[in-house]
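Undergrad: Provide a 3D model corresponding to the input given below.
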Amino acid sequence: MKPLLVVDGYNVIGAWELAAKKGWSFEECREQLTVRLEEYAAFHGCEVILVFDGTRSERLLRSHETRGAVEVVFTRHGEIADQYIERLCGQQPRWREVRVATSDNVEQTVILGRGATRLPSRELLREMAQAHAAQRAQIERRAPAKSNMLIARLPKPQRDALEKMRRGE
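TA: Numbering: from 1, shown residues only. Prediction:
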């Protein structure tokens, strides 16, 4: 069973300086966080459950959406993300590695009692940035060097002639 990372979505968004700097709306923040957690999950080989509060919404039911290795949960009206996360941590087998990303001190204490480890929101954001940078570096290393391409070995007049043919000139 893969390690599990549970993320208190709005708590992490509240700590996200980049989101504030760029002036993203809540919808943009949710989308960006989801995409970046998909990358993070793929890089680290873990399962991620991203939880957003539904306390102020009119949702009668909790909603779940799966995007890659990320499950996005919107709690129902009257249910806060903390309640959902605490219950989820309590349902996990003791041997499963569970980390919870939140900066809520009360929540951190409760999840520690349920066998999970805490991860401050800013630390998760730092880890996501590091994973993103590592993936970019990995992609750049895999990109074929232009000097290894056959066309790079041809004399310039031949390269120019082939480029004209490619463009249909």
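
Undergrad: hey, let's count contacts and neighbours off CA atoms from now on
TA: OK.

Undergrad: can you give me the helices for this protein?
TA: Along the chain, counting by DSSP state H, helices occupy 9-15, 17-22, 26-44, 81-91, 105-113, 121-142, 150-153, 156-167.

Undergrad: Which one of those helices lies nearest to E97?
TA: Closest of the helices of the chain to E97 is helix 81-91, at 10.2 Å (criterion: CA to CA).

Undergrad: quick check: angle from that closest one to helix 105-113?
TA: 10 degrees (axes from the mean of the first three to the mean of the last three CA atoms, to 10 degrees).

Undergrad: Give me the distance from helix 81-91 to the chain's centre.
TA: In terms of CA atoms, centre = their mean, to the nearest Å, the centre of helix 81-91 is found 20 Å from the chain centre.

Undergrad: and it, what does it pack onto?
TA: Secondary-structure packing of helix 81-91 (3 or more CA pairs under 8 Å, 6 or more residues apart in numbering; DSSP states H and E): strand 4-8, strand 47-52, helix 105-113.

Undergrad: Could you export the helices of the chain as JSON lines, including mean pLDDT?
TA: Formatted as JSON lines, these follow (pLDDT from 0 to 100):
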{"stretch": "helix 9-15", "mean pLDDT": "93"}
{"stretch": "helix 17-22", "mean pLDDT": "92"}
{"stretch": "helix 26-44", "mean pLDDT": "93"}
{"stretch": "helix 81-91", "mean pLDDT": "90"}
{"stretch": "helix 105-113", "mean pLDDT": "74"}
{"stretch": "helix 121-142", "mean pLDDT": "87"}
{"stretch": "helix 150-153", "mean pLDDT": "76"}
{"stretch": "helix 156-167", "mean pLDDT": "87"}
